[in-house]
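J.: Give the three-dimensional model of this entry:
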Amino acid sequence: MRRLFIIAASFVFPATAFAHTGAAGHDLTYGFAHPLGGLDHVLAMVAVGTLAATLGGRAIWALPLSFVTMMLAGFALGMLQLNLPLAEFAIVLSVIAIGGVIAWAGPLSLAAAIALVGAFSVFHGYAHGMEARVAASALPYIAGFVAATALLHATGLAATQALLRLSNRHRRTIGRITGGAFALGGIGLLLGWL
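T.: Sure thing, here's the model as predicted:
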């Protein structure tokens with residue numbers, strides 16, 4: 001049954017929505033460019049910053065830290081060439097899920113938000129690791145993609161905090177619109193529209 005699902009998914013979900021080619025450089029510049037080169041990564045990482053800003057408090061630092069930490073664990077899985085099924089699908093699903101949580105969820109506990117973000121970030125890290133597995137020294141590449149990830153988180157965080165400061169009384173509406181936009185972006189990637 002699982003094979004049937006994978007075969008069917010390959011026809012339904014176009015591979016062009018994903019940014020992973022399987023070949024990579026191993027330097028700082030390539031590592032920095034990789035998260036910025038795929039809309040799936042950009043949307044997911046900015047969404048993490050947006051979720052952190054929406055939750056506020058300790059989530060502002062805990063969610064990005066959780067993402068980066070678990071992304072490094074996923075990177076190790078990729079470097080070891082371990083099979084993580086449906087990784088590309090999970091990356092796009094992360095955009096939809098995090099966007100959906102921002103838009104439609106009620107108050108989310110910090111622990112639940114950390115678990116959600118951490119679980120999906122493993123797949124993002126795995127994609128980085130699979131592309132870097134041939135690199136002689138992965139440290140510059142790691143530094144690059146961690147820096148780009150942090151920049152994307154900070155972008156989502158800062159933009160959302162600025163929006164919320166402009167209109168704090170419309171906080172829930174801003175969250176619904178922003179989260180809905182992320183979820184729709186993820187659906188667009190999944191269906192090959194973006």
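J.: Alpha carbons of the strand or helix carrying L189, as CSV, please.
T.: L189 belongs to helix 171-191 when assigned by DSSP states H and E. Taking C-alpha atoms only, helix 171-191 is exported to CSV below (Å, rounded to 0.1, in the frame of the first residue of the first chain):
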residue,chain,number,x,y,z
ARG,A,171,-3.8,40.6,16.2
ARG,A,172,-6.0,37.6,15.4
THR,A,173,-6.9,38.9,12.0
ILE,A,174,-3.3,39.6,11.1
GLY,A,175,-2.4,36.0,12.2
ARG,A,176,-5.2,34.5,10.1
ILE,A,177,-4.2,36.4,7.0
THR,A,178,-0.5,35.8,7.4
GLY,A,179,-0.9,32.1,8.3
GLY,A,180,-3.4,31.6,5.5
ALA,A,181,-0.9,33.1,3.0
PHE,A,182,1.8,30.6,4.2
ALA,A,183,-0.6,27.7,4.0
LEU,A,184,-1.8,28.7,0.5
GLY,A,185,1.8,29.1,-0.6
GLY,A,186,2.6,25.6,0.6
ILE,A,187,-0.5,24.2,-1.2
GLY,A,188,0.7,26.1,-4.3
LEU,A,189,4.1,24.5,-4.1
LEU,A,190,2.5,21.1,-3.5
LEU,A,191,0.3,21.4,-6.6
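J.: can you tell me how far the residue nearest to F123 when sequence neighbours are not counted sits from I142?
T.: Closest residue in space to F123, ignoring its immediate chain neighbours: A90 at 4.1 Å, by CB to CB, 6 or more residues apart in numbering. All C-beta atoms are positioned from the backbone trio N, CA, C, and that covers glycine. Distance of A90 to I142, computed by CB to CB, to the nearest Å: 21 Å.
J.: What of S94?
T.: Taken as CB to CB, the span from S94 to I142 is 20 Å.
J.: Of those two, which one has the most company?
T.: Using other CB atoms under 10 Å, the more surrounded residue of S94 and I142 is S94, with 28 against 22.
J.: Excluding chain neighbours, what is closest to the more buried one?
T.: Excluding its sequence neighbours, the residue lying closest to S94 (CB to CB, 6+ apart) is F120, at 3.5 Å.
J.: Give the buried residues for the host helix or strand of that neighbour.
T.: For F120, the element it lies in under DSSP H and E is helix 110-132. By neighbour count on 16 or more other CB atoms under 10 Å, the buried set for helix 110-132 is 113-114, 116-118, 120-132.
J.: cool, and stretch 73-81?
T.: Buried-residue list, stretch 73-81, by 16+ other CB under 10 Å: 74-75, 77-79.
J.: cool, stretch 185-194 as well?
T.: For stretch 185-194, by 16+ other CB under 10 Å, it's 185-186, 188-190.
J.: right, and the residue nearest to F123 touches A127 too?
T.: No. Proximity of A90 to A127 does not meet the contact threshold set by CB atoms under 8 Å, at 9.5 Å.
J.: Now do the helix holding F120: which elements does it pack against?
T.: For helix 110-132, the packing partners by 3 or more CB pairs under 8 Å, 6 or more residues apart in numbering; DSSP states H and E come out as helix 28-36, helix 39-55, helix 59-79, helix 87-104, helix 139-166.
J.: Understood, closing this out.
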